[in-house]
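Quick one, structure for this:
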Amino acid sequence: MPEISRFLGIIITMYYNDHSPPHFHVRYNQQKAIIDIERLSILQGKLSPRILGIVIEWALSHQSELRKNWQLARQNKPLQNIEPLE
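Model prediction:
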């Protein structure tokens with residue numbers, strides 16, 4: 001599972017040829033979740049409200065890059081790193 005970003009201990013990854021809808025995976029300590037790229041909502045798992053807020057803030061500013069990486073992953077092409085939250 002390629003890592004596409006890491007910030008504040010949060011790891012963002014995406015699988016190749018993963019199931020729809022377009023999404024990304026989040027890990028923070030023992031917390032894990034799958035986030036829908038379009039709706040920016042949790043599809044599966046659970047994150048604390050603080051971590052979810054940070055992830056949503058990051059994803060909102062990088063939504064087009066997440067969409068592009070989703071397409072690259074569907075084509076089994078290398079994913080692009082996305083800048084961390086500053």
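
from here on, contacts and neighbour counts on C-alpha atoms
OK.

quick one, what contacts the residue most central in space within the chain?
The centroid of the chain falls nearest to F24 when counting by CA atoms, centre = their mean (3.3 Å). Listed by CA atoms under 8 Å, 6 or more residues apart in numbering, the contact partners of F24 are 12-15, 34-37, 66.

On the three-state scheme, R6 is what?
Secondary structure, DSSP: H, G, I helix; E, B strand; the rest coil: R6 is strand.

From T13, how far out is it?
9 Å (CA to CA, to the nearest Å).

how much space between the residue nearest to the centre of the chain and L52?
Taking CA to CA, one finds F24 at 13 Å from L52.

Could you do E83 as well?
18 Å.

more neighbours, these two?
More crowded of E83 and L52, by other CA atoms under 10 Å: L52, with 18 against 14.

Check that one and give its pLDDT.
pLDDT for L52: 98.

Now do the strands in the chain.
Secondary structure of the chain by DSSP state E: the strands cover 3-7, 10-13, 23-28, 31-36, 42-46.

can you give me the angle the third one makes with strand 42-46?
Calculated by axes from the mean of the first three to the mean of the last three CA atoms, to 10 degrees, strand 23-28 forms an angle of 20 degrees with strand 42-46.
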